[in-house]
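Q: take a look and give me a structure for this.
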Amino acid sequence: MDQVVFCQSCGMPLESDDVKGTEKDGSKSECYCSYCYQNGGFTQDITMDEMIEINLNYLDEWNKGAEQKVTVEQAREQLRQFLPTLKRWQP
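A: Predicted coordinates:
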């Protein structure tokens with residue numbers, strides 16, 4: 001079974017090359033999605049708390065097909081636990 005790789009900035013699954021960001025040399029990033037990272041740099045200069053709020057805009061997408069839907073507050077708490085484990089947010 002293949003291990004799911006997540007964007008090390010927002011946590012989006014990097015399921016195909018289509019969603020991967022790009023390095024300065026044009027190659028696909030193995031760490032970041034195209035929404036967070038292009039041409040070897042982050043697309044937005046934001047804090048982790050701002051990233052959490054951006055992710056909450058996609059809560060309906062998260063809940064689509066889920067057996068148990070999560071509320072905004074549940075999702076916010078999950079993101080507060082998950083995002084600090086990602087490369088971009090490491091000290």
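Q: going forward, measure contacts and count neighbours with C-alpha atoms only.
A: Noted.
Q: I figured Arg76 was touching Leu56, is that so?
A: Yes - using Cα atoms under 8 Å, Arg76 is in contact with Leu56, at 7.1 Å.
Q: and the closest residue to Val70 other than its chain neighbours, how many neighbours?
A: Excluding its sequence neighbours, the residue lying closest to Val70 (Cα to Cα, 6 or more residues apart in numbering) is Asn63, at 6.7 Å. By other Cα atoms under 10 Å, the residues close to Asn63 number 13.
Q: distance of Asn63 from Val4?
A: Taking Cα to Cα, to the nearest Å as the measure, Asn63 falls 18 Å from Val4.
Q: in the protein, which helix is the longest?
A: Ordering each helix of the chain by length in residues (DSSP state H) puts helix 72-82 first.
Q: elements contacting that one?
A: Contacts defined by 3 or more Cα pairs under 8 Å, 6 or more residues apart in numbering; DSSP states H and E place helix 72-82 against helix 48-56.
Q: relative to the whole chain's centre, how far out is the helix it packs on?
A: Helix 48-56 has its average C-alpha position 10 Å from the chain's average C-alpha position, going by Cα atoms, centre = their mean, to the nearest Å.
Q: again with stretch 24-32
A: The gap between where stretch 24-32 is centred and where its chain is centred comes out at 15 Å by Cα atoms, centre = their mean.
Q: gap between the residue with the largest distance to the centre of the chain and Lys87?
A: Using Cα atoms, centre = their mean, the residue of the chain lying farthest from its centre is Asp25. It sits 22.2 Å away. Distance, Asp25 to Lys87, by Cα to Cα: 21 Å.
Q: equivalent analysis for Ile46, please.
A: In terms of Cα to Cα, Ile46 sits 14 Å off from Lys87.
Q: also Glu61?
A: Using Cα to Cα, Glu61 is found at 24 Å from Lys87.
Q: of those two, who's got more company?
A: More neighbours surround Lys87 than the other of Glu61 and Lys87, with 13 against 10 (other Cα under 10 Å).
Q: show the average pLDDT along the longest strand seen in the chain.
A: Counting by DSSP state E, the longest strand found in the chain is strand 28-33. Per-residue pLDDT over strand 28-33 has a mean of 98.
Q: which elements pack onto the helix or strand following it?
A: Where DSSP states H and E defines the elements, the next helix or strand beyond strand 28-33 is strand 37-38. Strand 37-38 is packed against strand 20-22, with contacts defined by 3+ Cα pairs under 8 Å, 6+ apart.
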